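Novice: I would like the atomic coordinates for the input below:
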Amino acid sequence: MSSDFVDVITFYLPPLLLLWFFLGIRRRIKSGNNRSIMEEEFEAGLTEPASLHPVIDHGRCMGCGSCVDACPEQVNHPVLGLIDHKAVLIAPTNCIGHSACRLACPFDAITLVFGTERRGVDIPQLDESFQTNMKGIYIAGELGGMGLIRNAIEQGRQAVDVICKSERSSHTAPLDLIIIGAGPAGFSASLCAKSHGLSYQTIEQDSLGGTVFQFPRGKIVMTAPVDLPLIGRMRFTETTKEALLKFWRDVEKKSGIRINYKERVESITLLMRVTLSPRSIANMRRKMYCWQLDGVVRLGSLV
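Specialist: This next block holds a predicted model:
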């Protein structure tokens, strides 16, 4: 072994060992802090994510931390953390489904899901136009498995576009469209229905924003611009819950869309149209009230 090589090893090895030791200590401290946060969350019963959230495959995860760095919630509301060189969802209730973690993972170790082992969620089957297997009923946004706000807004618009373009049959129903929920998808659908001149009614059991209204104060809820029907480009790049809801309330007033608050839909019944002879109708009238609802498919269109 040459003296030059020994000199190089002697010169560089100690600082490298010192750096390795320092990084190891730092990693263990962070891991311990993340474990403490996770334990506090679980002791408080905060274990169930409210919406779309990541499930991490520890067989694939290499502990690079890209997902942690990518999450826009990390600064004010920790969501992910590294524990023992693996990414972990340390504060499940802080996650609101940005999906930045999945996009940032270089090892494809993250899957975005709804529900948990304790709280399962059945996501309905939809076709490419967001229509369910019950003709005339459309589902967009979180209920359909899409928790990201900008995607839910786009789905609400697309669903109403499909309803508007589909062949309309003449009917005596009082409305063309009923929109259940004034969350991101329902709000967008309401604006789109008004822009198409549809006769519609939006029903919301709580407040404008739906699930967004329930998020904690100061939550970063949007990280990219999106287009709203009638309004145009929402040029938000990083928006809190309060700022977004204020913008939506202003849009609601300016656009004049109709939303019935504090009303709840508990069931949907599909009615069949039956053609009866005059004699049969006369016999039915003697036994029961007969309600005729023509065009129930259009009335039953939900977004």
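Novice: For the chain, give me the ranges with low pLDDT.
Specialist: Low-confidence segments of the chain, defined by pLDDT under 70: 1-8, 50-51, 96-98, 114-126, 142-148, 167-173, 219-224, 237, 270-303.
Novice: What are the structural domain limits within it?
Specialist: Domain segmentation of the chain under automatic domain parsing yields 3-113, 142-299.
Novice: Can you show me the helices along this protein?
Specialist: Listed in chain order, the helices of the chain (DSSP state H) span 3-43, 66-70, 100-104, 149-165, 184-195, 211-214, 241-255, 278-287, 296-299.
Novice: which residues sit against the fifth one?
Specialist: Yep, that's helix 184-195 we're talking about. 140-142, 149, 152-157, 159-161, 164, 176-177, 179-180, 182, 200, 202, 204, 208-210, 212, 228-231, 248, 251-252, 255-259, 303 (C-beta atoms under 8 Å, 6 or more residues apart in numbering). All C-beta atoms are positioned from the backbone trio N, CA, C, and that covers glycine.
Novice: Nearest to Thr132, out of the domains of the chain?
Specialist: domain 142-299 (9.0 Å; C-beta to C-beta).
Novice: and the gap between Glu128 and Gln155?
Specialist: 11 Å (C-beta to C-beta, to the nearest Å).
Novice: Arg102 is in contact with Leu112, isn't it?
Specialist: Yes. Here Arg102 lies in contact with Leu112, judged by C-beta atoms under 8 Å, at a distance of 5.5 Å.
Novice: which residues are common contacts for those two?
Specialist: Going by C-beta under 8 Å, 6+ apart, residues that sit against Arg102 and also against Leu112 are Pro54.
Novice: who's in contact with the closest residue to Asp84 other than its chain neighbours?
Specialist: Nearest non-adjacent residue to Asp84, counting by C-beta to C-beta, 6 or more residues apart in numbering: Ser31, 6.1 Å away. Applying C-beta under 8 Å, 6+ apart to Ser31 gives the contacts 81-85.
Novice: And Met38, by the same measure?
Specialist: 81, 83, 88, 90-91.
Novice: what about burial for the contacts of helix 184-195, which qualify?
Specialist: Buried members of the contacts of helix 184-195, scored by 16 or more other C-beta atoms under 10 Å, are 140-142, 149, 152-157, 159-161, 164, 176-177, 179-180, 182, 200, 202, 204, 208-210, 212, 228-229, 231, 248, 251-252, 255, 257, 259, 303.
Novice: In the sheet, which residues pair with Tyr261? Tell me.
Specialist: Glu204 (DSSP bridges).
Novice: and the gap between it and Ile203?
Specialist: Noted for Tyr261: a distance of 9 Å to Ile203, by C-beta to C-beta.
Novice: If you count surrounding residues, which of those two has more?
Specialist: Per other C-beta atoms under 10 Å, whichever of Tyr261 and Ile203 has more neighbours is Ile203, with 19 against 12.
Novice: Could you tell me how far that one is located from Gly141?
Specialist: For Ile203 relative to Gly141 (C-beta to C-beta), the value is 15 Å.
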